[in-house]
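>>> Kindly generate the corresponding structure for this input.
(2 chains)
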Amino acid sequence: MTLRLRNLTVGYRRQPVFSHLSLPDIPPGSLVAVAGPNAVGKSTLLRAIAGLLPLQGDILLDGQALAALPPASRRQCIGYLPQLLPQPVPLVAYETVMSACRAVGGVGDLRPLEQAIEQVFDDLGIRSLALRRLSAMSGGQRQMVGLAQVLVRQPQLLLLDEPTSALDLHWQLNVLNVVRAATRRQGTIALLASHDLNLALRFCDQLLVLAPGGHAVLGPPAEVLTPALLSRTYGIEGRIEQCSLGYPIVLADRPSACRP
Amino acid sequence: MSSYANLEAATGADQHLNLAAAYRQFVWRRFACLLLLLLGCLVAFLVDIASGPASLGLMEVVQGLLRPETLDMGTRVIIQDIRLPYALMAVAVGACLGLAGAEMQTALNNPLASPFTLGVGAAATLGASLVIAFNLSLFGLAVHILLPLSAFVFAAAASLLILALSRALGASVHAVVLFGIAMLFGINALVGLIVFMADAESVQQIVFWTMGSLARATLDQVAVVALVFACCLPFALRNAWAMTLLRSGEEQARSLGVRVESMRLRVLLRVSLLTAVAIAFVGEIGFIGLVAPHIARMLLGEDHRFLLPGSALAGALLLSLASIASKLLVPGVLLPVGIVTALVGIPLFIALILARSREAVL
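This is a model prediction of the structure:
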């Protein structure tokens, strides 16, 4: 299953964020980190692929246009985690996850669904939260429940918008391990928007950097990341080094003289 | 310790506890809570029939309902012709307003939303006031048909106007609430204008309408209100999971295929139908639609399979209690139930909030 984005034009109220954006094909099992400065369009891109924004152009999943898929198949294919955390309402985590599976279209036998929910709570390590109300949880805990809502359906394409923004270091690693495992086990493609470049670099196969002006570059992190790109994209002077475990890390030294 | 706390403790203590089984246990507790609410409604309904100037015993009431031929003619007339329509109307109207309030609060994602805070109830009053003040007659319809019809048309128009405005301007739910509040003030000004222009008898009728009264209820009217409720509830429940998901987050719900705009439209239509029909016969009873969903939420949580019927039951219970109080507060005087609703509901509501916050502290 390959993801192909061709000639995408997306925007808000006739103000395009991207015009005619095309990217190299993304192979199955890829974890792609989507990086870029604030307001460059990371969330817009994910929302457009998720079908939440009107767009022109083609999004093909395994050669099939997503727009042409019946709504039920499209829902089955895509799992989208919005940047906003689940609301702190008196819903228990278990039924929050169940509602994600039962909200549209019926489920026949409940048992497989119950097993899937149990599995996702175990995978994410949040079993003890299963019967706790969202209103009694911290922001990070609610973010984990939001992730469970997405992962429980085992979609082929995961679109995660800042999935670790409210999490501490332990849970950041935990979540990215679970996503990484899903891509390896099921051939899922995951697009993960994040401001935490070093965390993303540790787990991703490819890096998609969105730069102001609707420019984008996609490729293996080692090839894509250069000090010049950091300067052009983020307006910083920085270095790319390798940590002892072999992962690239970005060291930001200072803001560059001119902001892009 | 609440059922939530019990189950949290259970899952925390035994990591191998089957989650599905624990959740089913949790659901059963909610079901039991729903049954308790139903029982409360039934008791309040019987007490409502029993209370009044001619005091009756509960057994007498039960006997009068099940085997009326065993009672003397006077008691039978009091129970069947006077108090039964009154008490049934309290249950039916309370249920309609409770359901409408719960649906509206979820669809607009706003705990302050209710058919009345958004002007839907005021629009129904405007429709009724026009018929009363100008003695309108349309297509030869009698006033007792035209008045609720006019109330309904205005309530539906108000709902659609809110929706059309918010869609046209691409507005958020917050803007919908603001439109609704602006409309509430606008409509209240129009009702004031009508009152200013109307004759003394019409003014008295309009004022009486705005205070809300169950005294005019007949069994036919109760049947209409109950029928509308019975038609709306299954449609509301069909959306229960989608509404539950919507409570956790709108963006997530949209991405999973919930057509939020279309759902809002259907909710607003149902709310206008429920509100208009409910208050068309009894006048403005504003408090139920706001508070009943909160009471149900405190008792049952946000799972809309339970919240929607629970809110209807809480509404029915509140209005039945208000109906009882309206007969007992001042002996020999039947107070307008719209006034008493708030007097009865507010202490109950505050007691629940206090109990809840004490639970949170413990």
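>>> switch to C-alpha atoms for all contacts and neighbour counts from now on
OK.
>>> so the residue lying closest to B:Leu88 once chain neighbours are set aside is in which element?
Ranked by Cα to Cα, 6 or more residues apart in numbering or on different chains and with sequence neighbours excluded, the top spatial neighbour of B:Leu88 is B:Val222, at 6.7 Å. Here B:Val222, judged by DSSP states H and E, is contained in helix B:219-238.
>>> I'd like the next helix or strand past that helix.
Downstream of helix B:219-238 (by DSSP H and E), the next one is helix B:240-248.
>>> That following helix - what's its average pLDDT?
Per-residue pLDDT over helix B:240-248 has a mean of 93.
>>> elements contacting that helix?
Here helix B:240-248 touches helix A:93-102, helix B:84-107, helix B:250-255, helix B:304-328, going by 3 or more Cα pairs under 8 Å, 6 or more residues apart in numbering or on different chains; DSSP states H and E.
>>> Now with 10 Å, please.
Using 3 or more Cα pairs under 10 Å, 6 or more residues apart in numbering or on different chains; DSSP states H and E as the contact test, the elements touching helix B:240-248 are helix A:93-102, helix A:139-151, helix B:84-107, helix B:219-238, helix B:250-255, helix B:260-282, helix B:304-328.
>>> looking at it, B:Ala20 is touching A:Glu118, isn't it?
Yes: between B:Ala20 and A:Glu118 there is a contact under Cα atoms under 10 Å: 7.6 Å.
>>> Need the residues touching each of the two.
A:94, A:130 (Cα atoms under 10 Å, 6 or more residues apart in numbering or on different chains).
>>> which stretches of the stretch 101-250 of chain B form helices?
B:120-134, B:143-168, B:173-197, B:200-211, B:219-238, B:240-248, B:250-255 (DSSP state H, counting those that start in this stretch).
>>> repeat for chain A
Using DSSP state H, the helices of chain A run over A:42-49, A:71-77, A:93-102, A:110-124, A:139-151, A:169-186, A:197-203, A:221-224, A:227-234.
>>> Out of those helices, which is closest to B:Gly310?
Of all the helices of chain A, helix A:93-102 sits nearest to B:Gly310, with 17.3 Å by Cα to Cα.
>>> ok so, going back, mind putting the helices and strands packed on helix B:240-248 in TSV, distance to B:Phe196 and mean neighbour count included?
Converted to TSV, these look like this (distance: least, Cα to Cα, whole Å; neighbours: other Cα atoms under 10 Å in any protein chain shown):
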stretch	distance to B:Phe196	mean neighbour count
helix A:93-102	52	24
helix A:139-151	54	24
helix B:84-107	29	29
helix B:219-238	30	17
helix B:250-255	44	22
helix B:260-282	22	24
helix B:304-328	29	28
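>>> Turn those helices into JSON lines, including distance to B:Leu39.
Listed next are those as JSON lines, based on distance: least, Cα to Cα, whole Å:
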{"stretch": "helix A:93-102", "distance to B:Leu39": "26"}
{"stretch": "helix A:139-151", "distance to B:Leu39": "35"}
{"stretch": "helix B:84-107", "distance to B:Leu39": "13"}
{"stretch": "helix B:219-238", "distance to B:Leu39": "19"}
{"stretch": "helix B:250-255", "distance to B:Leu39": "35"}
{"stretch": "helix B:260-282", "distance to B:Leu39": "22"}
{"stretch": "helix B:304-328", "distance to B:Leu39": "10"}
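>>> so which of those helices gets nearest B:Ala113?
helix B:84-107 (5.1 Å).
>>> The residue nearest to B:Val131 when sequence neighbours are not counted and chain A, how far apart?
In space, and not counting its chain neighbours, B:Val131 is closest to B:Leu147: 6.0 Å by Cα to Cα, 6+ apart. Separation of B:Leu147 from chain A (Cα to the nearest Cα, to the nearest Å): 39 Å.
>>> Tell me who's in contact with B:Leu147.
Counting by Cα under 10 Å, 6+ apart, B:Leu147 has contacts B:124-125, B:127-132, B:135-137, B:141, B:280-281.
>>> Out of those residues, which end up buried?
For the contacts of B:Leu147, a neighbour count by 16 or more other Cα atoms under 10 Å in any protein chain shown gives the buried set as B:124-125, B:127-132, B:280-281.
>>> relative to helix B:84-107, how tilted is the helix or strand hosting B:Arg24?
B:Arg24 belongs to helix B:19-50 when assigned by DSSP H and E. Orientation check (axes from the mean of the first three to the mean of the last three Cα atoms, to 10 degrees): helix B:19-50 against helix B:84-107 gives 150 degrees.
>>> For helix B:19-50, enumerate the helices and strands it packs against.
Taking 3+ Cα pairs under 10 Å, 6+ apart as the contact cut, helix B:19-50 packs with helix A:93-102, helix A:110-124, helix B:3-13, helix B:58-66, helix B:84-107, helix B:288-300, helix B:304-328.
>>> Could you export those to a markdown table, including columns for mean pLDDT and distance to A:Phe203?
Putting the helices and strands packed on helix B:19-50 into a markdown table (pLDDT from 0 to 100; distance: least, Cα to Cα, whole Å) gives the following:
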| stretch | mean pLDDT | distance to A:Phe203 |
| --- | --- | --- |
| helix A:93-102 | 93 | 26 |
| helix A:110-124 | 92 | 17 |
| helix B:3-13 | 47 | 31 |
| helix B:58-66 | 84 | 71 |
| helix B:84-107 | 94 | 39 |
| helix B:288-300 | 91 | 42 |
| helix B:304-328 | 94 | 39 |
